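**Q** coords please:
(one chain, ligands or ions: 1)
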Amino acid sequence: MVRSTASEAGAASTAGAQVLLDLRDIKRRYVLGEATVEALRGVSLRIHQGEFVAIWGPSGSGKSSLMNILGLVDAPTSGEVTLEGTPIGQLSDDALTDLRSRKVGFVFQSFNLIPVLSALENVMVPLQIQGVGASQARERATQALKDVALENQLHARPDKMSGGQRQRVAIARALVTEPSLVVADEPTANLDSENSYMVVQLMRELNRSKRVTFIFTTHDPRLLDLVDRKLLLKDGLLHTDETVR
Ligand SMILES: Nc1ncnc2c1ncn2[C@@H]1O[C@H](COP(=O)(O)OP(=O)(O)OP(=O)(O)O)[C@@H](O)[C@H]1O
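**A** Numbering: from 1, shown residues only. Model (predicted):
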């Protein structure tokens, strides 16, 4: 049940902004032996460039399933996903991998930093995967860490950093490739309430300053105060879609 439609609600805050992601009637079914789980049961949604969006809802409502599809890491069982006008379902595996690495950055609840690498080296990794040369990668990663106020921790390893600092490194790593979209599934699940708020505030500032679209999931209602738009998922359906500002 959607009380205000995605397109109406999105248009209210994003007049003139281009559609970044368009999901039409997305269903995701998991089959485990005899059992079938209908994790998403028909989600239609439009995300515009520059939006700052939270997806919230009870455990098991389909948030991670939807995030995997929004981040192009999983394909729906049925329905269509379009990113900047490109229908995803028609791409080869190689083309999809290339598009995802250029357009999407990821932030994870458990940070997923490489423990033996410094903060700077962790942030350089996605650039090196893209084939960017070492000195340029170092320069861009240094700037990305400055953007999250960690210029004094360039050479620290993750195990010497607090949870909030580790998540800031992960945000720098997500942004260093200059993606159109950052997808963050429960980015504050392993942080205390003060650090949770600071991390979402930081994502908000970067969303504004860099005009990058952010979509994150959360269980924490306080964090919803910081968003443009909140989507409530229940039982695999988009229940409400509210544009806040
Ligand atoms: N890989 C999978 N195989 C089988 N079932 C799955 C798989 N991933 C998710 N599910 C099921 O799909 C439903 C939705 O799960 P999903 O993880 O998307 O929800 P969620 O809202 O992110 O939950 P949580 O807040 O607990 O992380 C649940 O019933 C879950 O058990």
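
**Q** only C-alpha atoms for contact and neighbour calcs from this point on.
**A** Will do.

**Q** what strand or helix carries the residue most central in space within the chain?
**A** Centroid-nearest residue in the chain: residue 183, 0.7 Å away (criterion: C-alpha atoms, centre = their mean). In this assignment (DSSP states H and E), residue 183 forms part of strand 181-184.

**Q** same for the following helix or strand past that strand, what does it pack against?
**A** Counting by DSSP H and E, the element after strand 181-184 in chain order, helix or strand, is helix 193-210. The contact analysis (3 or more C-alpha pairs under 8 Å, 6 or more residues apart in numbering; DSSP states H and E) places helix 193-210 against helix 163-175, strand 213-218.

**Q** who touches the first one?
**A** Contacts of helix 163-175 with the rest of the structure, by C-alpha atoms under 8 Å, 6 or more residues apart in numbering, involve 104-108, 111-113, 119, 122-126, 141, 144-145, 147-148, 150, 158, 182, 187, 190-191, 195-196, 199, 203.

**Q** that's a strand at residue 105, yeah?
**A** Yes - according to DSSP: H, G, I helix; E, B strand; the rest coil, residue 105 belongs to a strand.

**Q** next, count neighbours for it.
**A** Residue 105: 25 surrounding residues under other C-alpha atoms under 10 Å.

**Q** interface residues of the protein facing the ligand?
**A** By C-alpha under 6 Å from any ligand atom, the part of the chain that sits against the ligand consists of 30, 37, 39, 58, 59, 60, 61, 62, 63, 64, 65.

**Q** quick one: those residues as TSV, columns for secondary structure and pLDDT too.
**A** Below are those laid out as TSV (DSSP: H, G, I helix; E, B strand; the rest coil; pLDDT from 0 to 100):
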residue	secondary structure	pLDDT
30	strand	97
37	strand	96
39	strand	98
58	coil	91
59	coil	92
60	coil	94
61	coil	95
62	coil	96
63	helix	96
64	helix	96
65	helix	97
